[in-house]
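# 3D model of this:
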Amino acid sequence: MTNNLSYEIKEINNKNNENNENNENNENNENNENNIFYLQEMINNENHFFDSDISLQYSEYNDKYTVKQLKHIALYYDLPIRKKKDDLLCSIIEFENDIVNSTLVYNRIRFWNYIKELKNDKYLNKFITF
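A predicted model of the protein is given here:
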C-alpha cells in the first residue's frame with residue numbers, strides 16, 4: 001500500500017517583494033485555498049475518496065454501486081472493464097488511491113454529484129439517463 005503524501009516548500013523572504021508578485025501569489029493562494037476547501041467538502045461527502053483504509057473503501061463501493069455504475073466509473077478513468085465486480089472494484093480503488101490521479105478523481109466525484117443534483121431536480125431529471 002502506498003502512502004499519499006504531498007508537501008509544499010515556500011521560501012519566506014523578509015524583504016518586500018514587488019507588488020505584482022505579491023498580488024499574483026495572493027490570487028494563486030486564494031484559488032488554491034478555494035480548491036482545497038471544495039476538495040475537503042467533497043471528501044467529507046464521499047468517504048471513499050483517498051480513504052486510507054482500503055477494506056472500508058472496498059466495502060463502501062461494493063454496497064453503494066452496482067456493476068453498471070462501477071463500469072461508468074471505470075470508463076471515466078479509462079480503465080479496462082472487467083467482468084467480475086471484485087476485479088472492477090480493485091482496479092477503481094487502486095486508481096483512486098494513486099496521488100497522480102487525484103485531479104481526475106476529484107473531477108469524477110464532482111461531476112457525479114452534479115448528476116445527482118440534476119436527477120433530484122423536478123424538471124431536469126427527465127433529461128438525465130445516466
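# what kind of secondary structure is Asp79 in?
In this structure residue 79 is Leu, not Asp. At Leu79 the chain is in coil, as set by DSSP: H, G, I helix; E, B strand; the rest coil.
# Quick check, it in contact with Ile93.
No: assessed by CB atoms under 8 Å, Leu79 is found out of contact with Ile93, at 10.9 Å. Glycine gets a C-beta too; all of them are placed from N, C-alpha and C.
# Could you check how far Lys71 is from Glu117?
Distance of Lys71 to Glu117, computed by CB to CB, to the nearest Å: 22 Å.
# now Lys94: how far from Ile54?
If you look again at residue 94, you'll see it is Glu, not Lys. 9 Å.
# any idea how far Lys85 lies from Lys68?
10 Å.
# between the two, which one's more packed in?
When Lys85 and Lys68 are compared for neighbours, Lys85 comes out ahead with 15 against 7, by other CB atoms under 10 Å.
# which residue sits closest to the more buried one, ignoring its sequence neighbours?
The shortest distance from Lys85 to any residue other than its chain neighbours is 5.1 Å, reached at Val67 (CB to CB, 6 or more residues apart in numbering).
# Tell me if I'm right that the one you found and Leu89 touch.
No: Val67 is beyond contact range of Leu89, at 9.6 Å (criterion: CB under 8 Å).
# More neighbours: which of those two?
Legend: neighbour count by other CB under 10 Å for Val67 and Leu89, higher for Leu89 (22 against 14).
# can you give me the helices in this structure?
19-45, 54-64, 67-76, 85-96, 102-120 (DSSP state H).
# any idea which of those helices scores lowest on pLDDT?
Lowest mean pLDDT of those: helix 19-45, a mean of 53.
# more neighbours, Lys71 and Glu117?
Lys71 (17 against 12).
# give the contact list for that one.
Neighbouring residues of Lys71 by CB atoms under 8 Å, 6 or more residues apart in numbering: Ile81, Leu88.
# One more pass at 6 Å, please.
The contact partners of Lys71, taken as CB atoms under 6 Å, 6 or more residues apart in numbering, are Ile81.
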